[in-house]
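> Here is the input, now give the coordinates:
(one chain, ligands or ions: 2)
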Amino acid sequence: MPRPVKRHAPASAPEAPSTRKRAAAPPIEVHASRDMPLGMPPSRFLTQYWQKQPLVVRGALAGWDPPIDPDDLAGLACEDTALARIVRRDRKRSQWTLQRGPYDESTFAALPSHDWTLLVQDVDKWDADVAGLLDFVRFLPTWRIDDVMVSYATDGGGVGPHIDQYDVFLVQGRGQREWAISTDRNAPQGLRVGTDLRLLAEFHPTHRFTLDPGDVLYLPPNVPHDGVAIGESMTFSIGMRAPAESELLLDFAEFLAEQLPETRRYADPDLRPARATGLIDAAALERVRTVLGPLARRLRNVDLAHWFGRMITRYRSAAPISGSGQTPELGQIRDTLASGRAILRHPFARFAWVEHGGDGAALFAAGHMVHCPRALAEALCARARLEADDPLLQDSASLAALRELLAVGCVQFARAPRKRT
Ligand code: SIN
Ligand code: CO
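Residues are numbered from 1 along each chain as shown. Ligands and ions are numbered 1, 2, ... in the order given. A predicted model of the protein is given here:
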């Protein structure tokens, strides 16, 4: 969602009655001129529109002759390494289906004459003339630009209402396309279920524009939009790239880690006798927080604990642990315990736990986390075997945790006791 620019006033300042008029929102549609393909200087575009609000520029690339045609695009979509998708629309049901490439000629021969679109990413890497389109955005840092994606759509074709998480300049290459967009900053962003496409469950357009060849629609990230071809249409989308904060953090953490000598380790010269077996206590978490420094500054205690518990029980595992993947029914577990079969810890699974309100615990086992009563967490950390009639295994919260641990293989049932003859 493009964030409005916040203006800060001192918290104690009284609210002065506003005498100034609010600046009028800049127009959503402008006309390009020969000198100004954006219809304005790039500096104005960046201040008023970039990452803030959509803009239609009429005639931005007037007279531009698209360097590839639909046949070229279909040919490229048949290459093994091309990233191609065909999206078919079912108008009656308002549904869209995705078929990923590569394709062969028979794929295209089987398509109807309407309601589908072919999209190929990274076409600028395959075709130097298509890469020439990037001159249109040369006022942006080149490292912010991802690719030129080209789509060919038959009448009625489109990919359905969606949002993109990056800025995009949609250049109309051939034919016409009707774009519906929503500039409502509170527009719902929930996704439809049951489709491979990330389509919006709800879409209420605030504006509609029909783009002709040479027109450009700029969309900041997270603006709901839907483009439908009017007749045959080709669109060239210049997409931006912006790493997720999670990706930046991960890469930075790896970078930091590479600088650290192996000799720098978690250390606890201040250790006191354990209060409970397997417990990761507050002092341990504080030591971890100190090692992580600025990376952990914003982390809540509970998140730090949940991450560290998973990490430390996965750390230096000598053998992979895999369960059946099937979560047994509670009744099944009760019956098996009733038959006398004990619970065994997987010998390679490490266990630890943290306190989790009242009598609860978050129990970690080989990188997994389950919630359970504190007594069970402590028992599983202390003992490799819990007998079938152990009172700890009677309550339903413990059985629910066991279900999860059995499914991932961190615990298993002992063999059935031999019957005496
Ligand atoms: C298209 O080019 O068909 C779709 C592009 C988009 O909506 O992002
Ligand atoms: Co889009």
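
> what residue ranges in the stretch 201-350 of the chain score low on pLDDT?
Across the stretch 201-350 of the chain, nothing is flagged by pLDDT under 70.

> Could you tell me which residues of it lie near ligand 1?
Taking CB under 6 Å from any ligand atom, the part of the stretch 201-350 of the chain that reaches ligand 1 is made up of 225, 227, 235, 237. The way it works is simple: take the backbone N, C-alpha and C, and place the C-beta from them, glycine included.

> Select only the buried ones of those in ChimeraX?
The following ChimeraX line selects those of these that are buried, judged by 16 or more other CB atoms under 10 Å:
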select :225,227,235,237
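
> If we only consider the residues of the stretch 201-350 of the chain next to ligand 1, which is nearest to ligand 1?
Ligand 1 has its nearest neighbour among these in Thr235, at 3.9 Å by CB to the nearest ligand atom.

> Mind checking which of the residues of the stretch 201-350 of the chain next to ligand 1 land in strands?
Using DSSP state E, 225, 227, 235, 237 are the members of these that sit in strands.

> measure the residue nearest to Ser151 when sequence neighbours are not counted to Thr235 for me?
Nearest residue to Ser151, sequence neighbours excluded (CB to CB, 6 or more residues apart in numbering): Leu119, at 4.4 Å. Leu119 sits 9 Å away from Thr235, going by CB to CB, to the nearest Å.

> same thing with Arg345?
58 Å.

> again, but for Met40
Counting by CB to CB, the gap from Met40 to Thr235 is 23 Å.

> Same question for the closest residue to ligand 1 within the stretch 151-300 of the chain, what's its three-state structure.
In the stretch 151-300 of the chain, the residue that lies nearest ligand 1 is Ser151 (3.4 Å; CB to the nearest ligand atom). In the three-state summary, Ser151 is assigned as strand, counting by DSSP: H, G, I helix; E, B strand; the rest coil.

> OK, contacts around it?
117-120, 159, 233-235, 237 (CB atoms under 8 Å, 6 or more residues apart in numbering).

> switch to 10 Å and redo it
Residues near Ser151 by CB atoms under 10 Å, 6 or more residues apart in numbering: 73, 85, 87, 117-121, 123, 157-159, 170, 173, 177, 227, 229, 233-237.

> Equivalent analysis for Pro373, please.
Here Pro373 is in contact with 356, 358-361, 363, 379, 392, 395, 397-398, 401 (CB under 10 Å, 6+ apart).

> could you flag which of the residues you listed are buried?
356, 360-361, 363, 379, 392, 398, 401.

> Pull the most distant pair out of these.
His356 and Leu392 (16.7 Å; CB to CB).

> Measure how buried Leu271 is and give me the count.
Using other CB atoms under 10 Å, Leu271 is surrounded by 11 other residues.

> where's it relative to Ile181, distance?
Counting by CB to CB - Leu271 and Ile181 are separated by 60 Å.

> all helices for the stretch 51-200 of the chain, in order.
Remark: helices assigned in the stretch 51-200 of the chain by DSSP state H, counting those that start in this stretch are 70-77, 105-109, 123-126, 128-131.

> Indicate which one of those is closest to Arg374.
Evaluated with CB to CB, the helices of the stretch 51-200 of the chain place helix 123-126 nearest to Arg374, the distance being 56.4 Å.

> And the closest one, what's buried?
123-124, 126.

> need those in a markdown table with pLDDT, can you?
Formatted as a markdown table, those follow (pLDDT from 0 to 100):
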| residue | pLDDT |
| --- | --- |
| Val123 | 96 |
| Asp124 | 94 |
| Trp126 | 93 |
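
> Out of those residues, flag the one nearest to Glu262.
Checking the buried residues of helix 123-126 against Glu262 by CB to CB gives Asp124 as the nearest, at 43.4 Å.

> Tell me if I'm right that that closest one and Met149 touch.
Yes: using CB atoms under 10 Å, Asp124 is in contact with Met149, at 9.0 Å.

> what do those two both touch?
With CB under 10 Å, 6+ apart as the test, Asp124 and Met149 both reach 236, 238.

> Once you drop chain neighbours, what's closest to Ala276?
Nearest non-adjacent residue to Ala276 (CB to CB, 6+ apart): Glu378, at 5.3 Å.

> before we move on, which element is that neighbour in?
If you go by DSSP states H and E, Glu378 is part of helix 374-382.

> What is that helix packed up against?
strand 343-345, strand 351-355, strand 360-365, strand 368-373, strand 385-386, helix 396-408 (3 or more CB pairs under 10 Å, 6 or more residues apart in numbering; DSSP states H and E).

> Buried deepest among those, which one?
strand 360-365 (a mean of 26; mean count of other CB atoms under 10 Å).

> Convert that one to PDB, retaining C-alpha atoms only.
The C-alpha coordinates for strand 360-365 follow below in PDB (Å, rounded to 0.1, in the frame of the first residue of the first chain):
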ATOM      1  CA  GLY A 360       1.700 -23.800  29.600                       C
ATOM      2  CA  ALA A 361       4.900 -24.300  27.700                       C
ATOM      3  CA  ALA A 362       6.100 -23.900  24.100                       C
ATOM      4  CA  LEU A 363       8.000 -27.100  23.600                       C
ATOM      5  CA  PHE A 364      10.600 -27.300  20.900                       C
ATOM      6  CA  ALA A 365      11.600 -30.500  19.300                       C
END
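
> tell me the angle that strand makes with strand 351-355.
160 degrees (axes from the mean of the first three to the mean of the last three CA atoms, to 10 degrees).

> from now on call the first residue 59
Sure thing, new numbering starts at 59, so read that last one as strand 418-423.

> Now do the buried residues in stretch 349-357.
350, 354, 357.

> Go through the residues you listed and flag which are in helices.
Leu350 (DSSP state H).

> one step back: how deep is the residue nearest to Ala334 tucked in, by neighbour count?
Counted with other CB under 10 Å, the neighbours of Glu436 add up to 19.

> Quick check: it touching Leu444?
No: counting by CB under 10 Å, Glu436 sits too far from Leu444 to count as a contact (11.5 Å).

> hey, what's in contact with both of the two?
Contacts common to Glu436 and Leu444, judged by CB under 10 Å, 6+ apart, are Leu450.

> would TSV of the helices of the stretch 109-258 of the chain with distance to ligand 1 be doable?
Conversion of those to TSV gives the following (distance: least, CB to the nearest ligand atom, whole Å):
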stretch	distance to ligand 1
helix 128-135	11
helix 163-167	17
helix 181-184	11
helix 186-189	14
